[in-house]
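> the sequence isn't on hand, but the structure is:
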């Protein structure tokens, strides 16, 4: 090292050299001490107020910043206490919740029952997006939450809500001491990470909240990242590229084709899990030919879903013919009268019996770029429909046009997916089949009544019996053709230890940076 | 004919003409020379590489695409559809643009003001937003994609054609014709139109390439042609996500697209040189 | 000059109004946006509440009136989707797009003037062919293809440059090259043509006959005069260039106005759409006015 030579013997130089040396060491220390994790996915948040932004991916981000009363946890499915420590039903419509003590907001204020009351008061506003969820759980009315003392509240339901606490695990508690009009400007939560900077469409910076109540209780602080950057990257290849080049530690929404590549690499691996998002073919039961249950039943035999999952998704999906997944409450495979499976000959025969020996002409609507490979899957489906004699024209507009046609019940037959927020059949089936709750293309007074009953029957056994009847009826009606539950596919750097859950969440206190 | 010969004499003109002509022939013959039906899909044979030998003895010269369709067939039909879009768009937008440009330049007054403000307004709305709005309230389909491209194209003609008409109007021969009482429509047909046509042809070459590329951009934004149509831009777009796992899906249609556009550009440059009287003198 | 300026501005206001009316009609023709702004399976009272809060339950005429009134007072309203004033949202994205397009413009100028010069001086030779080839390749490949190729080569395989973001100067390289080449092609062609015309002009011949070196003739006399049509193309191309930025910004995850505008239109966010379009119109009109004034400045023969 000929350090001295170029710097010269001058005293001033020596001092500045020392100063620089110290500065370098300090920065070095800071850099070494801080663990940073970057994760990328397709969507950006719409804003900082979780009442307004209800995208699944945003929930997945907000859950790190805000705490709900409890979270949905898996294996086994349960409500995991967060800001609530315990709760009990005093009757079918009254739920007493005991809140966690010594919890502080990111700005230092203490968390109390007032915050919970305020949160549910501000949610009870139809102009706020998440009101839809509040309505679903029978809490959309004044004085839905009553304060008992600083750490106890009572929920008053307008009618019994059988799925229980799981059904409202995505209501993030927001501070009472801040005017709701300001929620959009700063995300003040009680969560594990503070949201310190949002650069729209570029990055969100999160910093660990050292005084989070969950450190120790839910996860040790050690090994968890100090700083996390979330980056919305719309192109799936770019997300993969960022992972491959080391810019990202976790990349979501990858194509199944990338799996072998990533698995072959020594520095990255694949983490995948079956999601609660069911891809299905909807049929307009109000118009011919789909108003004829025989046609709907016939087409339930037309599509080789396994071939689609195997070839198009590299096996990254689970096919099932039920109205919800095998892991969900209410699933009942042996209740089915008809065992729908791929049988084109049977399909043709049934179509002929229904009066369509030569098939019919139909327009198939498909989303275009909303879900992984949606248009490809639709084209494959159309191929199968053509094989059984249908003349199909495909219509794949941009998402808003698609959605507008869907909500206005203008489609004949379509590919769509429905994502659950908790593993309960009630949510996923009624959201597509119950009048007034999403049954736009099919509903029936009999099943509507059963849906209503299962929702208000708190006794699990009695509720199970109702679900059995529902399964039998819906299986006979064949209101839609259930395809598969898609997988979430994440690419993860080997230096990160993390596993996904069936929701679109990256829970940061479960992310461990290996030494 | 003379123009054609002159065109072939320059290296650029020759390369351009040969490229474009051969793709036109390929496109025209697509239904005849294609090995199979462009829509025939087989998902168990998807993303197979070029020269893939199937179990039934068939050889896929360029491989298969993401739905197991023969890529060679799709590319040939893609050339056909892309050229069709390009030529249709140029013919329609050219006719509208030349007509309005000449009218605006020659008549002046209110017509001129209205046409030129419409041009200003349209030029100041980014095309791509206009296209998305248009297709949002119609439906994505071939006629609507064409409509958007035509709508985008006419202004590119109207402005320069108007400027040229203005120059012509004040030139000696038009003023003379006017003075001896030649009717207006005759002046348009005999004196103005033949003189603005070369300019229109040169603009057309740029527009042709632009139209073919525009189809791709619309597909990228999800407001383009509907499957199972095979157009080059659409194919590149749906194949780009497989660029590292099945490079051939976007590469072959992409190369075809590139060569067509290059050919058209070359021809445009050469045409400009041969048609522009001022430049011709130089030659 | 001042009179001309006033007239131009008056016409510009007229054009902006024309665009606004056209936009309003177009947006209203696309149907009911409320169902796109509420969550899936929203209860009817929620749909009505949102409709009311956006003023969409009023008559179309009333809506148009209040729309114009707001426009007159330069109030662009509040974005329906992002829940923030449009005038707060826009600057961030505009600055980001400028950060991307400015270096791209510099690159484009260097590329296109260089290629245009070569092509014009060695017309119809092999150099001309190669220069056109080089200039055209950028414009004959869709950006969504060339952009991803660039990412594959430089980010994944070579690992020289990041695949996206705006973190360091390195993040700029790929999007700038991508968009620079896209713009260079049409400019190179104009430069070539203008240079061809100018090289044959009398003053160039005079300069040559005075025995000036060819390089000086080209740079000093020819290029200066060819600058006029080149600048015009710049102005006219501005709006079409957005097509390039939309795709580039998406592929390289750049937080720019192109991506924002697509989302605004796609999401039926009327206030944001109108804001973005009016912004583009004003920029376009402003730049073209500036171009015309530059004309007058560069060419003393032009007087307004």
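Nice, I can see it. Note that the structure is a prediction, hence the values are computed from the model and not measured.

> ok, which residues in chain B are in contact with chain A?
With CB under 8 Å from any CB of the partner chain as the criterion, chain B meets chain A at residues B:41, B:43-44, B:46-47, B:66-67, B:132, B:135-136, B:139-140, B:221-223, B:226-228, B:238, B:240-246. (Glycine included, C-beta is placed from N, CA and C.)

> among those, the buried ones, what's the ChimeraX command?
For the buried members of the residues of chain B next to chain A, the matching ChimeraX selection, counting by 16 or more other CB atoms under 10 Å in any protein chain shown, is:
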select /B:41,43,46,47,66,67,132,135,136,140,221,222,223,226,227,228,238,240,241,242,243,244,246
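
> from the residues of chain B next to chain A, which land in helices?
Those of the residues of chain B next to chain A mapping onto helices are B:132, B:135, B:136, B:238, per DSSP state H.

> now do the same for the residue of chain B positioned farthest from its centre: its pLDDT.
Distance from the C-alpha centroid of chain B, by CA atoms, centre = their mean, peaks at residue B:180 (41.2 Å). Predicted confidence (pLDDT) for residue B:180: 85.

> so which of the residues of chain B next to chain A also contact chain C?
By CB under 8 Å from any CB, the members of the residues of chain B next to chain A lying near chain C are B:132, B:136, B:221, B:222, B:240, B:243, B:244.

> lowest-confidence entry in these?
Of all those, residue B:136 carries the smallest pLDDT score, 73.

> where does the prediction get shaky in chain C?
Applying pLDDT under 70 to chain C flags the ranges C:1, C:30, C:236-243, C:298-304.

> if we can go back for a sec, mind picking the two most distant members of the ones in helices among the residues of chain B next to chain A?
Spatially, the most separated pair among these is B:136 and B:238, at 21.0 Å (CB to CB).

> if we can go back for a sec, what's the most distant pair in the ones next to chain C among the residues of chain B next to chain A?
B:136 and B:244 (33.0 Å).

> just the helices in the stretch 301-450 of chain A please.
Ranges of helices in the stretch 301-450 of chain A, per DSSP state H, counting those that start in this stretch, are A:305-307, A:344-353, A:374-387, A:399-407, A:425-433, A:445-456.

> and those, which one is worst for confidence?
It's helix A:425-433: among these, that one has the lowest mean pLDDT, namely a mean of 85.

> what about it, distance to the chain center?
Relative to the chain's own centre, helix A:425-433 is displaced by 15 Å; criterion: CA atoms, centre = their mean, to the nearest Å.

> list the helices and strands it packs on?
Applying 3 or more CB pairs under 8 Å, 6 or more residues apart in numbering or on different chains; DSSP states H and E, we find helix A:425-433 packed against strand A:268-283, strand A:413-419, helix A:445-456, helix A:460-477.

> closest one to chain C among these?
For the helices and strands packed on helix A:425-433, proximity to chain C was assessed by CB to the nearest CB; strand A:413-419 is nearest, at 8.3 Å.

> dump the residue contacts of the residue nearest to residue A:74 when sequence neighbours are not counted.
Closest residue to residue A:74 apart from its sequence neighbours, by CB to CB, 6 or more residues apart in numbering or on different chains: residue A:501 at 5.4 Å. Counting by CB atoms under 8 Å, 6 or more residues apart in numbering or on different chains, residue A:501 touches A:73, A:74, A:273, A:507.

> what sits closest to the first one if chain neighbours are left out?
What it means is residue A:73. residue A:80 (3.9 Å).

> burial of residue 144, as a residue count?
With no chain named, the answer covers chain A. 20 (other CB atoms under 10 Å in any protein chain shown).

> I was thinking of chain C, sorry if that wasn't clear
Residue C:144, neighbours per other CB under 10 Å, totals 25.

> mind checking the SS state of it?
Secondary structure assignment for residue C:144 (DSSP: H, G, I helix; E, B strand; the rest coil): helix.

> quick check, it in contact with residue C:247.
Yes - between residue C:144 and residue C:247 a contact is recorded at 5.2 Å, counting by CB atoms under 8 Å.

> so what sits against both of those two?
B:217, B:220.

> so which elements touch the host helix or strand of the residue nearest to residue A:73?
Applying DSSP states H and E as the criterion places residue A:80 in strand A:78-81. In terms of contacts (3+ CB pairs under 8 Å, 6+ apart), strand A:78-81 is packed against strand A:70-73.

> quick check: the gap between residue C:66 and residue C:26.
For residue C:66, the distance to residue C:26 equals 18 Å [CB to CB, to the nearest Å].

> go on, residue A:205?
From residue A:205 over to residue C:26 (counting by CB to CB), the distance is 39 Å.

> check residue A:133 too.
Counting by CB to CB, the separation of residue A:133 from residue C:26 is 34 Å.

> quick one, which of these two is more surrounded?
Between residue A:133 and residue C:26, counted using other CB under 10 Å, the more crowded position is residue A:133 (21 against 17).

> about what we covered before: next, give phi and psi for the residue nearest to residue A:74.
phi -120, psi 170 (degrees, to the nearest 10).

> wait, doesn't residue A:136 sit right on residue A:171?
No - using CB under 8 Å, residue A:136 is not in contact with residue A:171; the gap is 11.2 Å.

> and stretch A:126-146, how far apart are its ends?
20 Å (CA to CA, to the nearest Å).

> one more: stretch A:245-253?
Terminal residues of stretch A:245-253 lie 17 Å apart, using CA to CA.

> tell me the mean pLDDT for that stretch?
93.

> need the residues that contact it.
So stretch A:245-253 is contacted by A:37-42, A:231, A:236, A:239-240, A:242-243, A:267, A:372, A:488-493, A:495-496, A:498, A:504, A:506, A:511, C:155-156, C:159, C:162-165 (CB under 8 Å, 6+ apart).

> please enumerate the helices of chain B.
B:2-9, B:11-33, B:71-107, B:109-124, B:127-137, B:142-169, B:172-179, B:184-187, B:193-220, B:232-239, B:248-275, B:277-282.

> which of those helices is buried the deepest?
With neighbours defined as mean count of other CB atoms under 10 Å in any protein chain shown, the helices of chain B peak in mean count at helix B:232-239, which reaches a mean of 27.

> so how far is that helix off the chain centroid?
Taking CA atoms, centre = their mean, one finds helix B:232-239 lying 17 Å from the centre of the chain it belongs to.

> cool, stretch A:150-158 as well?
27 Å.

> repeat that for stretch B:9-16.
For stretch B:9-16, the distance to the chain centre is 20 Å (CA atoms, centre = their mean).

> likewise for stretch B:120-137?
18 Å.

> before I go, just wanted to say thanks for your time.
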